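**Q** Task: produce atomic coordinates for the following.
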Amino acid sequence: DADADLMMALDDWRLDAQGQFVGDFGAPEAARGEGRIGTRLIVNGAAAPVVREARPGARVRLRLANLANARLMMLTFDGVQPYVIAIDSQPCDAFEPVRRSIPAAPGARFELMFDMPLTEGAKARVILRGPQGADHDLVVVTAKGAPMGKRGKIIGLPQNPALPPEIKLASPRGDLRPSALEEITF
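**A** Modelled structure (predicted):
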């Protein structure tokens, strides 16, 4: 149950001084597999930060996807206490991330919930932590409007019925020899 549902696709683009894409996609060094770190942080196809509003006390569901092909994004939340409710589209028990931070590797997806501060004008910020304190706001949600009542505890999403409730790694079954793996078809 959320009052606002936000989807944020995070990326970085490599741009030159004129704001044009750097055209080195065909260069052998760019195709070695390590990816490219871009010079401009992008959220939903526009320059970061994305700015939104929500009522004071509103419960916000935030869906984050790291579309960058090489940038590990250490995301930190300021002004709110987030709870992770899904990782890579799979529900999990709601938990508070350590130090209000999540490491979003390239291709990673996180769903989080948080309650906006009750004070009008207060901000909830998603910050990309950079080296030597070079931090960047990616998402800023400002509390605006009539306050909502305090909400109950944030709980996780229902479990995916297509997955087993647990995977017992201590006692795996199956033949994992290379010859057996060749017989597996996808």
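**Q** For the longest strand seen in the chain, which residues meet the burial criterion?
**A** Determined from DSSP state E, the single longest strand within the chain is strand 4-13. By neighbour count, with 16 or more other CB atoms under 10 Å as the criterion, the buried positions of strand 4-13 are 6, 8, 10, 11, 12, 13. Bear in mind the C-beta positions are built from the backbone N, C-alpha and C, glycine included.
**Q** Please read off the pLDDT at residue 62 from the model.
**A** On pLDDT, residue 62 comes in at 96.
**Q** Pretty sure it sits against residue 111.
**A** Yes. Assessed by CB atoms under 8 Å, residue 62 is found in contact with residue 111 at 7.2 Å.
**Q** before we move on, the earlier item: tell me the gap between the helix or strand following the longest strand of the chain and the middle of its chain.
**A** Sequence-wise, the next helix or strand downstream of strand 4-13 (DSSP states H and E) is strand 40-43. Remark: strand 40-43 is offset 14 Å from the chain centroid, using CA atoms, centre = their mean, to the nearest Å.
**Q** what's in contact with strand 40-43?
**A** Contacts of strand 40-43 with the rest of the structure, by CB atoms under 8 Å, 6 or more residues apart in numbering, involve 8-15, 47-50, 128, 136, 138-139.
**Q** List the buried residues for it?
**A** Using 16+ other CB under 10 Å as the test for burial, strand 40-43 gives 41, 42, 43.
**Q** who does the following helix or strand past it pair up with?
**A** Using DSSP H and E, the next helix or strand after strand 40-43 towards the C-terminus is strand 46-47. Strands that pair with strand 46-47, judged by DSSP bridges, come out as strand 40-43 (antiparallel).
**Q** Do me a favour and average the pLDDT over the partner strand.
**A** Strand 40-43 shows a mean pLDDT of 85.
**Q** quick one: low-confidence parts of this structure?
**A** 15, 19-36, 132-133, 171-186 (pLDDT under 70).
**Q** Backbone dihedrals for the most centrally placed residue in the chain, both of them.
**A** Closest residue to the average C-alpha location of the chain: residue 64 at 3.2 Å, with CA atoms, centre = their mean. With angles defined as degrees, to the nearest 10, residue 64 sits at phi -110, psi 140.
**Q** now residue 49
**A** Residue torsions, per degrees, to the nearest 10, at residue 49 are phi -90, psi 160.
**Q** what about it, neighbour count?
**A** Per other CB atoms under 10 Å, the neighbour tally for residue 49 reads 17.
**Q** can you pull the contacts of it?
**A** By CB under 8 Å, 6+ apart, the contact set of residue 49 is 43, 136, 137, 138, 139, 140.
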